[in-house]
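K.L.:
return atomic coordinates for the entry below.
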Amino acid sequence: MKIKLFFTLILIFTCSGLYAQTLVKGGVFESGSGIKLENVFVRDMTNKQVTLTDKNGRFTINTETGHLLLFTLPGYIADTLYVVDLTQKHVELKNQPIQLREVSVVSTRTQSFDPHKEYPEVYEKAKVYPMSPSTWFSREGRMARRLKKYFQSEQEERQIDKIFTRAYVGSIVPLKGQELEDFMTLYRPSYKFIIGNNSESLAVYINDSYKKYKALPPEKRTLAKLDSTANH
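P.N.:
From the prediction side, this is the model:
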C-alpha cells in the first residue's frame, strides 16, 4: 500500500512539474516609456491559448517552445514572439499613429468574430458553481471571466464600427481625412446609444456633436490619448 502511494505521489509531482514547464510568464510595456500595458490580448497562435495582461502588464500563458505568441492592444502595433525557451519574457509594443490605428482596428473588427465558437473553453472555465469554491477563486476561472468580459466588449465595439462608419459620418459632416478620424474618435457613441437609437437619432447626434466640435478651440480638436466612450 505504501509503495503504491509512493508511486502515486511521484506521478502527481512529475505531472505537475511537466505542466508548470509549459507556463510562460512575462510583461508587456510601452516601447520608449516603459509604461506597463494592461489588457493586452495574448494569443498562442499554435495551441490557441489566450490570456490578458494585468494592471502591471504581467501575463502567464500555457505554451511550448516553437510556438508563436501574438500581442495586440488597440492603439499599438501588434507584435509577435517566437518561444525559443520558457524563461521570463519582456515584450514592448510601439504606439501606432492615429490614422493607421483607425484603419487597423476597423479592418480587424470587420472580420467575423464569434468568441463562443473560437474559445468555448473560456466560457466553460468562466462558469461559477455554488458548490465548487475552486470555480470562484482559481486563477484559470478568474482569467476566464476577464476574457469573457473582454470578448463582450470586443463584440460591442464591432457593432459600433458597423454603424458608425466613415462613409456614414462623412456624409453628414463636412470633414475628411485626419479631421474626420479625430471627430469620430472624440465623439464615438457608446454601444448602449447605438442599440437604443435608430438612424435618425444617430444623425441628430452626429450633427449636434459636429456643432460641439466646431465650438472647440483648434488645439482641442486634435487627438491625445482619449477615452472614446467618456462623452456618453
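K.L.:
could you work out the end-to-end span of stretch 69-89 for me?
P.N.:
11 Å (Cα to Cα, to the nearest Å).
K.L.:
please identify the buried residues of it?
P.N.:
69, 71-77, 79, 81, 83, 89 (16 or more other Cβ atoms under 10 Å). C-beta: built from backbone N, CA, C; applies to glycine.
K.L.:
then stretch 162-180?
P.N.:
Applying 16+ other Cβ under 10 Å to stretch 162-180 flags 164, 166, 169, 173, 175, 180 as buried.
K.L.:
same question for the lengthiest strand in the chain, mean pLDDT?
P.N.:
Secondary structure of the chain read by DSSP state E shows that its longest strand is strand 23-30. Computed over strand 23-30, the mean pLDDT rounds to 96.
K.L.:
by contact count, what packs against that strand?
P.N.:
For strand 23-30, the elements it packs on are strand 58-62, strand 89-93, judged by 3 or more Cβ pairs under 8 Å, 6 or more residues apart in numbering; DSSP states H and E.
K.L.:
ok, the last one: who's next to it in the sheet?
P.N.:
Taking DSSP bridges as the criterion, strand 89-93 forms sheet pairs with strand 23-30 (parallel).
K.L.:
can you name the element that comes right after the partner strand?
P.N.:
Next in sequence after strand 23-30, counting helices and strands by DSSP states H and E, comes strand 41-44.
K.L.:
and that next one, what does it pack onto?
P.N.:
strand 50-52, strand 58-62, strand 68-72.
K.L.:
contacts for the shortest one?
P.N.:
By that I understand strand 50-52. Strand 50-52 has contacts (Cβ atoms under 8 Å, 6 or more residues apart in numbering) with 39-44, 59-61, 119, 122, 143, 146-147, 150.
K.L.:
ok, stretch 201-213 next?
P.N.:
Counting by Cβ under 8 Å, 6+ apart, 163-164, 169, 172-173, 175, 183, 186-187, 189, 193-194, 197, 221 sit against stretch 201-213.
K.L.:
mind running it again at 6 Å?
P.N.:
Residues from elsewhere that reach stretch 201-213 (Cβ atoms under 6 Å, 6 or more residues apart in numbering): 169, 172-173, 183, 187.
K.L.:
what domains does the record give for this structure?
P.N.:
Using automatic domain parsing, the domain parsing of the chain gives 19-95, 164-220.
K.L.:
give the next helix or strand downstream of the lengthiest helix in the chain.
P.N.:
Selection of the longest helix in the chain by residue count, based on DSSP state H, yields helix 139-163. Reading on from helix 139-163 to the C-terminus, the next helix or strand found by DSSP H and E is helix 166-170.
K.L.:
now tabulate the buried residues of stretch 69-89 in CSV and tack on distance to I206 and pLDDT.
P.N.:
Shown next, in CSV, are those (distance: Cβ to Cβ, whole Å; pLDDT from 0 to 100):
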residue, distance to I206, pLDDT
L69, 40, 96
F71, 34, 97
T72, 29, 95
L73, 28, 94
P74, 22, 89
G75, 23, 87
Y76, 28, 94
I77, 30, 93
D79, 35, 96
L81, 41, 96
V83, 46, 95
K89, 44, 97
